[in-house]
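Trainee: I'll drop the sequence and a predicted model, then ask my questions.
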Amino acid sequence: MPAHTGRSADPATITEVAPGVHFVEGPASGWTTLVGPDSVSLIDAGYPGDLPLVLDTLETLAPGLPVETIAITHGHSDHTGGVRGLLERWPDARVVAAADELPNIRREVIYQVGVPQILPHLWKPRFVAWVRHAIQAGGLADVAISNPDAWVSGEALTLSGHEVVPQLTPGHTPGHSAYLLPAANAVATGDALVTGHAVSKQHGPQPIHPMFDHDHDLALETFAAINGQWRGLSLLPGHGPLLVRTAR
């Protein structure tokens, strides 16, 4: 199911994972919508330039419903970029993330790839194309969110009526987290595990390229652990397509 707006040259592909749970593969990153009877919630929100597509997907899946909560996997601009625009429209919406990620989301510190990490790769066409898209999509914009809340370790969240279990998955950023959706037999993985990326030639579950990681060794440890732990779950990744799997 494509959602398209004339304000973007790239459509987003919407796939139903379970009743009320949809994965959206955007032009360069993905987000998940959780639709309830009275509200809709999101896991991540794309680049700043993806905001029209995020709004289109909300109107397609949850017409007229307010945004209740935006759960953030990590504070990179390709995952938090649409949040400020959403908060302008729904100022009562709550933003939640892991406690260790809040400084990054507030931009008190910045754990994000920069010029020193990118320069050694700029002879590769895939990386040049990624940089071009990231800049055009607003990747350098101010995406600070001033008042995010921390989820409580060991406690499930209820987002628009859906049970969501946060899990700390550090390495890509210090407080990176994933969100398990038990009723959907799925997990929103963020960038702890992706199924593709603009700079990667691989397809299927994989760690993101090392240049994007704050602590690459820890990110690899996390990837190895969760790739086994989540083998029977459908993957709703931060980058790449949905990977549907069934419990064994």
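Mentor: Thanks, I have the structure now.

Trainee: Pull out the buried positions in the longest helix along the chain.
Mentor: Using DSSP state H, we find that the single longest helix of the chain is helix 216-229. Of all the residues in helix 216-229, those buried under the rule 16 or more other C-beta atoms under 10 Å are 216, 218-219, 222-223, 226-227. C-beta here means a position set from N, CA and C on the backbone, and glycine is covered the same way.

Trainee: which strands and helices sit next to the helix or strand just after it?
Mentor: Downstream of helix 216-229, the first helix or strand assigned by DSSP states H and E is strand 234-237. If you count contacts as 3 or more C-beta pairs under 8 Å, 6 or more residues apart in numbering; DSSP states H and E, strand 234-237 packs onto strand 30-35, strand 186-190.

Trainee: ok, and what's touching strand 234-237?
Mentor: Contact with strand 234-237 is made by 17, 23, 30, 32, 43, 181, 184-190, 193-196, 205, 242-246, as judged by C-beta atoms under 8 Å, 6 or more residues apart in numbering.

Trainee: any idea how far L51 lies from D100?
Mentor: 27 Å (C-beta to C-beta, to the nearest Å).

Trainee: between the two, which one's more packed in?
Mentor: L51 (23 against 15; other C-beta atoms under 10 Å).

Trainee: Now do the helix or strand harbouring the more buried one and strand 30-35, the angle between them.
Mentor: Counting by DSSP H and E, the element that carries L51 is helix 51-61. Helix 51-61 and strand 30-35 are oriented at 30 degrees to each other (axes from the mean of the first three to the mean of the last three C-alpha atoms, to 10 degrees).

Trainee: mind listing what's buried in helix 51-61?
Mentor: Buried, per 16+ other C-beta under 10 Å, within helix 51-61: 51-58, 60-61.
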